[in-house]
Structure formats: C-alpha cells, structure tokens
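Q: turn this into a model:
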Amino acid sequence: MWKDAYLESRILSANPLELVSLLYQGAMDAIHDARKHLADGDIPARCQDIGKVTDILAELEASLNHQAGGSISRGLADLYQYMRLRLMEANIRRDDAMLLEIQSLLATMAEAWRRIQQVPESKTDGAIEAADVQYPAAAWGGDFEAGRGREFAAHGWSA
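A: Numbering: from 1, shown residues only. Below you'll find the model as predicted:
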C-alpha cells in the first residue's frame, strides 16, 4: 500500500526529533480510533488500538536516557507510566473520559516536540535555553527549574 511505503520512507529519513514526533502522532491516531471504537461498541478494535498506544508509550519510555536527560527524562518516564496505567484502566472501565485525558496529554507532548524542532539549529548544540521553548506545566507535572537547559538527550539522542 502506498500509505505504508510513505510512512516507511518518512521513518527512514527522519532525524531523532522527528521520530519522537512520529511516535506521538501514531499514538494520537490510535487513541482517536480507540475512542471511535468505544463509541461503536467494537471491543476487539478498541483493545487493539489501546494496545498500540501502550506499545508506543513503552517504546518512548525505553528510549529515555536518564543519565543525559536528568530530571526531564525522569519526568517523562513518570508521565509515560501514568498514561499506560490510565489506558489500562480506561479499557477495563470502557471510560471515554480517561481516553480523552490521554489524548489531551499526547497532544500537549506532540506540540512540545514540534516546538523543539522549530528551535534554530544554532541552539541545538546540546541544550535549549528555557526561554526558547514554552512547555505547558500540566503536561510535565509543574514548572521546570528556572534557567535549566532543555536537553535533546532526554530520549537518548542528540540532534
């Protein structure tokens, strides 16, 4: 199929930041589909899509580099674990509000990664200044320490 070939081409040509964005997009697409299947009463399809989101979150968590990413990577790990637990609970309870919560968190994270990608290349020498990227506090469990740099290395990669 042409869609599969296009996606494969995007993945193979993506830089590390783009790969994270693609993972977030895949998770958002799957949770959107899961919510639709929940409304339609299609249990197998809903479970399959929730499984996709869970797998993507597990992959994102596994890619974290806690040594280089410091408190950012630890915060991301906590967020990914929280989302996976909420997905399991949402699936068991058939709760659309829980799925909507995860969809909202994923959208916030995807927007943060899009903003990171927009930082000028001259700023990608290991850290981004706090003033360059504004992260919604709710997605991260609170404000970052004032003046702390934003390492691309949180996900174990460098730009």
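
Q: L22 sits in which helix or strand?
A: Assigned by DSSP states H and E, L22 belongs to helix 16-40.

Q: can you check I92 too?
A: Element membership of I92, judged by DSSP H and E, is helix 66-93.

Q: ditto for V119
A: V119 belongs to no helix or strand when assigned by DSSP H and E.

Q: okay, now it: neighbour count?
A: Using other Cβ atoms under 10 Å, V119 has 17 other residues around it. Heads up, the C-betas are built off the backbone N, CA and C, glycines and all.

Q: how about L17?
A: Residues near L17, counting by other Cβ under 10 Å: 19.

Q: identify the residue nearest it in space, chain neighbours excluded?
A: Nearest residue to L17, sequence neighbours excluded (Cβ to Cβ, 6 or more residues apart in numbering): Q117, at 5.0 Å.

Q: tell me which residues in the helix holding L22 are buried?
A: For helix 16-40, the neighbour count (16 or more other Cβ atoms under 10 Å) marks 17, 19-24, 26-28, 30-31, 33-35, 37-38 as buried.

Q: how close does the residue nearest to A90 when sequence neighbours are not counted sit to R86?
A: Excluding the flanking residues, the one nearest A90 by Cβ to Cβ, 6+ apart is M98, at 3.5 Å. M98 sits 5 Å away from R86, going by Cβ to Cβ, to the nearest Å.
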